[in-house]
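> Give me coordinates for this.
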Amino acid sequence: MTVQEFFDALPSKVDPAKTAGMNNSFAFDIADVGAWTVTVADGAVSVVEGENDADCTISASEETLMKIASGEANPTTAYMTGKLKIKGDMGAALKLQKLF
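Presented below is the predicted three-dimensional model:
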């Protein structure tokens, strides 16, 4: 799976029961690949290509993002080891686990 395929499929893979009441936006800056903005509005997830204003920005390599998405890597460990960087609202970033 590519990063583009991951973001294309994300809205249909998220369990709306897990994201009900959640209203946050997340910008993903994936090194040498591109940027996407994921918006969650009361459980509905939408993705647009490009980095827009968001509650927080997540920066990572393609390899790191794909390992987190597939469950091969722990996002907390990736953050603590510097493979995943977060700017902005850390509380919003912690809600990301509901999406994966």
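
> where along this structure do the helices fall?
When assigned using DSSP state H, the helices of the chain occupy the ranges 3-13, 16-19, 62-70, 75-80, 90-94.

> what angle do the third one and helix 3-13 make?
Calculated by axes from the mean of the first three to the mean of the last three Cα atoms, to 10 degrees, helix 62-70 forms an angle of 20 degrees with helix 3-13.

> Now Leu99: closest residue in space, sequence neighbours ignored.
In space, and not counting its chain neighbours, Leu99 is closest to Val14: 5.5 Å by Cβ to Cβ, 6 or more residues apart in numbering. In this view, the C-beta of every residue, glycine as well, is placed from N, C-alpha and C.

> and the helices of the chain, which one's lowest on average pLDDT?
Of all the helices of the chain, mean pLDDT reaches its minimum on helix 16-19 (a mean of 86).

> ok, Gly82 - contacts?
Contacts for Gly82 were tallied using Cβ atoms under 8 Å, 6 or more residues apart in numbering; there are none.

> Could you do Val3 as well?
With Cβ under 8 Å, 6+ apart, Val3 has these contacts: 30, 33-34, 62, 65-66.

> Greatest separation within those: which pair is it?
Maximum pairwise distance in these, criterion Cβ to Cβ, is 13.7 Å, between Gly34 and Met66.

> And the residue nearest to Leu99, how far from Leu94?
Distance of Val14 to Leu94, computed by Cβ to Cβ, to the nearest Å: 16 Å.

> and these two? which has more neighbours close in?
The neighbour comparison of Val14 against Leu94 (other Cβ atoms under 10 Å) goes to Val14, with 19 against 13.

> ok, now which ones touch the residue lying closest to Asp29 once chain neighbours are set aside?
What sits nearest to Asp29 in space, not counting adjacent residues and going by Cβ to Cβ, 6+ apart, is Ser59, at 4.5 Å. Ser59 makes contacts with 28-31, 84-87, as judged by Cβ under 8 Å, 6+ apart.

> Next: Asp89.
Asp89 sits in contact with 24, 55-56, where contact means Cβ under 8 Å, 6+ apart.
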